[in-house]
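Engineer: compute the structure for the input listed below.
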Amino acid sequence: MTEKKLAIIATKGTLDWGYPPFILASTASALGYDTEIFCTFYGLQLLKKDLDLQVSSLGNPGMPMPMPMPVLLQALPGMQRMMTVMMKKKMKDKGVVDLGELRDLCQEAEVRLLACQMTVDLFEMDTNEFVDDVDYVGAASFFEFAGDSDICLYI
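Structural biologist: Next up, the predicted model:
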């Protein structure tokens, strides 16, 4: 029997969107899947050593809020920071692991972290800001793995 494969494309670089690829990848790896996360565009933020990610309720009407908040109010200066502080507190209170620790867990579980080389070049990103053991590849290289994967997710 061949090993199962999970391919994840991570395109978002916010705190709330950082959890799904790492949770799914670490779980899949624990279940025996060969797993890769291809980070492209804003998803490259997930590979930075300093994960100072924010959360925004703008464009995310499903975000549970303590009270209904009109879009106009959400656009006020400082609201994104406040939403991030609230989310981090809620996560800490509920015992949710820190995103950096979750990423470390993925690396320990041999999840392969891939950075889209074209996006790195496009945004002139400094690869020294990324964690160790990131592979810089083009989309074609990712498709070699994704094309044979049992599951491919776009997050």
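
Engineer: dig out what Lys48 forms beta bridges with.
Structural biologist: Phe130 (DSSP bridges).

Engineer: with Ile9 instead?
Structural biologist: The partner residues for Ile9, given DSSP bridges, come to Phe38, Tyr154.

Engineer: right, and it touches Phe145 too?
Structural biologist: No: between Ile9 and Phe145 no contact is recorded; they are 11.2 Å apart, counting by CB atoms under 8 Å. No exception for glycine: its C-beta is placed from N, CA and C like everyone else's.

Engineer: mind checking pLDDT for the spatially most central residue of the chain?
Structural biologist: Computing the C-alpha centroid of the chain and ranking residues by CA atoms, centre = their mean puts Gly18 first, at 3.1 Å. pLDDT, Gly18: 96.

Engineer: residue contacts, it?
Structural biologist: Remark: with contacts taken as CB atoms under 8 Å, 6 or more residues apart in numbering, Gly18 is in contact with Lys12, Gln45, Leu46, Leu51, Leu53, Leu99.

Engineer: check which helix or strand it maps to.
Structural biologist: Element membership for Gly18 (DSSP states H and E) is helix 15-30.

Engineer: where does the protein have its least confident helix or strand?
Structural biologist: Among the helical and strand segments of the chain, the one scoring lowest on mean pLDDT, DSSP states H and E is helix 71-74, with a mean of 65.

Engineer: pLDDT wise, what is Ala28 at?
Structural biologist: 98.

Engineer: ugh, typo on my part, it should be Tyr136
Structural biologist: For Tyr136, pLDDT reads 98.
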